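Student: I'll drop the sequence and a predicted model, then ask my questions.
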Amino acid sequence: MNTYKNKENPVTTEIIRNALTSAAKEMNASLFRSAYSPIIYEMKDCSVGIFNKDARMLGQSAGLPIFLGNLEVGINITTEYIGGLDKYQEGDVFIMNDSYMVGTHLNDITIFSPIFYKKQLVGFAATRAHWLDIGSKDPGYPMDSTNIYQEGLRMGPTKIVNAGETIQDVVDLICKNNRFSRNAFGDMNAQIAACRTGEKRFVDIIERFGQETVEGSIEDIFNQTELLELEALSELEEGEFFEEGYIDNDGVSSEPVKVKVKLTVKDNKIDIDLTGSDPSVKGSTNCGLAQTISACRVAYKAIIQPNIPVTGGSFKPMSIKVPEKSIFSAQEPSACSWYFTSLGLLIDLIVKALGSSKPELVSGAHYGDSMVVYFSGIDDRNGVEFLDVEATAGGWGAFDGSDGQDALINLVNGDFKNLPVEVFEENYPLKIVQYSIRQDSGGPGKYRGGNGIIREYEMVNKEGFLYSWFERSKTPAWGVLDGKEGLEPDVEVYKDGELIDKLLKVNQFHLDKGDRVKCLTGGGGGYGNPFDRDLENVKRDIIQGYISAKHAEKEYGVIINKQNELDYVRKEEIRKK
């Protein structure tokens, strides 16, 4: 299928396509290398992109999928706010984080700049990165907030650089409302530097190929993306598909929160309707509309042409209906700190619904949430306040032909990395006493769901505070085609070696020196009947420690003797039972 308008020179289009992606990657590298906070430079909690003047995606580096197709929202809102594209000046930089505008929590800071070529606006360079703190009632972002005003400094479109000159009073206002003002200032400048890198590289591309050629190639790229998505959509079965599930609670009550999806596939279009999902809740699992749309795009992309990049031609066949004042369309003063919890479940449910007619296209559900644990306090070593924020890996769902991935970050976080033990112990007054695969946590199946992990911390400071947000115990990762669900998560607190509490969600739990916190993440769902699993794969899993001999006997009907040999006689007896 030839999708190029410029049929005489498709090679140039491909070179420009890859040059734009490379420019975005260079933006990301600039951000990593100059950021002050480990959550950015080590864990990569950020995303960048280059856009044309209509805020349509040209190139995006690996980052958080949950920001997919979302960075342009901040650009469009700002353009409307300032009165049109002609109000931008060369050298300008804008910042914003309003949850009701860009959809995420206030810690996710969007910074972008316009790109000019020969005094003409040609595009935008945009970044988003998680700041450690934004002045909320508790360090980081609270687990028990009930309104947006408890969650920190909220910014609509705000100019911080005017025609190349820093607006210092505005920058000071932002950074002084932050517990870690030095980090805030450093991370802000790292994002600005990334934008400047994007500006320079986009101009370099235009100067190399010519503006007319670049703009023509961009249109070809958009058209090609749209046609390839329509081709994939034509292979889906038409009809209406329904799914629903529950997150455990909203952080301040014990009531589960319902997520409901109706999916309509017809005439090469997909309509996603979230009617029936719960209204906005008291706690902080509400989400701004822009981010809900982004999550639907992540699910769509998981099925529809997942191997091609996202561009300004993506997602055209998809429409989304979100009821007002629901958990997916938060309005002031709804709390939004933990917006992504319901989105993780939403993505899994959409994928499940899309694949209900073709199970070979989908996997078992993954462990689901970011499983965030963090610690705060005053460091005995230097008397300075510390804050560690970590998302924790878990197990992914198995699919037709392969086991699920063990110990991988959840779907919404994409390129997010774990914090290495050495970096953690150097920066914070705790030590990690265990970091291992959680045996038997993956859902049994012909293809096994991935295992979660165990990450155990010990407080070496005289005191500190634990915050945890672990989810999906009420809706663990389900399996596909008789595959079984994965194990649910847990957080255990030990004092003097004795288990004293289990705390999936807790805000500011006091810890003394020597107390330990063991975080256990869930596993992914299995695929296919466990009794159809290749026996050698069961044996391998036992030898490598992914499953126990007891689990193998119970779930797979397989006996392994002390010589690590299969006992076929006993195996057949168990399977007959």
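Tutor: Okay, I see it. Numbering: from 1, shown residues only.

Student: please enumerate the helices of the stretch 451-577 of the chain.
Tutor: Counting by DSSP state H, counting those that start in this stretch, the segments of the stretch 451-577 of the chain that form helices are 535-544, 549-556, 568-576.

Student: likewise the chain?
Tutor: Taking DSSP state H to define them, one finds helices in the chain at 10-34, 38-41, 71-82, 99-102, 168-176, 181-209, 211-233, 289-303, 340-354, 421-427, 535-544, 549-556, 568-576.

Student: most tightly surrounded among these?
Tutor: helix 340-354 (a mean of 27; mean count of other C-beta atoms under 10 Å). Glycine gets a C-beta too; all of them are placed from N, C-alpha and C.

Student: average model confidence for that one?
Tutor: Average pLDDT, helix 340-354: 92.

Student: nearest to L64, of the helices of the stretch 451-577 of the chain?
Tutor: Among those, helix 535-544 comes nearest to L64, with 30.8 Å by C-beta to C-beta.

Student: for that closest one, packing partners?
Tutor: helix 549-556 (3 or more C-beta pairs under 8 Å, 6 or more residues apart in numbering; DSSP states H and E).

Student: ok, now with 10 Å
Tutor: Applying 3 or more C-beta pairs under 10 Å, 6 or more residues apart in numbering; DSSP states H and E, one finds that helix 535-544 contacts helix 549-556, helix 568-576.

Student: returning to that earlier point: nearest to L361, out of the helices of the chain?
Tutor: Ranking the helices of the chain by their distance to L361 (criterion: C-beta to C-beta) puts helix 289-303 first, at 6.0 Å.

Student: related to what we said a few turns ago, worst average pLDDT in the helices of the chain?
Tutor: Among the helices of the chain, helix 568-576 scores lowest, with a mean of 66.

Student: domain assignment for the protein?
Tutor: 10-227, 363-530, 534-577 (automatic domain parsing).

Student: indicate which one of these is closest to G276.
Tutor: Nearest to G276, of the domains of the chain and by C-beta to C-beta, is domain 363-530 at 15.6 Å.

Student: now do the strands in the stretch 301-450 of the chain.
Tutor: 318-321, 372-378, 385-391, 430-437 (DSSP state E, counting those that start in this stretch).

Student: quick one: the third one to helix 181-209, angle?
Tutor: Following axes from the mean of the first three to the mean of the last three C-alpha atoms, to 10 degrees, one obtains 50 degrees for the angle between strand 385-391 and helix 181-209.

Student: for strand 385-391, packing partners?
Tutor: helix 38-41, strand 372-378, helix 421-427, strand 453-459, strand 463-469.

Student: ditto for the last one
Tutor: Judged by 3+ C-beta pairs under 10 Å, 6+ apart, strand 430-437 is in contact with helix 421-427, strand 453-459, strand 516-520.

Student: if we go to 8 Å?
Tutor: Contacts defined by 3+ C-beta pairs under 8 Å, 6+ apart place strand 430-437 against helix 421-427, strand 453-459.

Student: what about the stretch 1-150 of the chain, any weak spots by pLDDT?
Tutor: Filtered on pLDDT under 70, the stretch 1-150 of the chain yields the residue ranges 1-8, 68-69.

Student: before we move on, the earlier item: can I get the helices of the stretch 451-577 of the chain in CSV with distance to A290?
Tutor: Below are those laid out as CSV (distance: least, C-beta to C-beta, whole Å):
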stretch, distance to A290
helix 535-544, 42
helix 549-556, 42
helix 568-576, 52
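
Student: circling back: now the helices and strands packed on strand 430-437 as JSON lines including distance to G288?
Tutor: Converted to JSON lines, the helices and strands packed on strand 430-437 look like this (distance: least, C-beta to C-beta, whole Å):
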{"stretch": "helix 421-427", "distance to G288": "31"}
{"stretch": "strand 453-459", "distance to G288": "30"}
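
Student: and of these, who's closest to G383?
Tutor: The closest of the helices and strands packed on strand 430-437 to G383 is helix 421-427. By C-beta to C-beta, the value is 15.1 Å.
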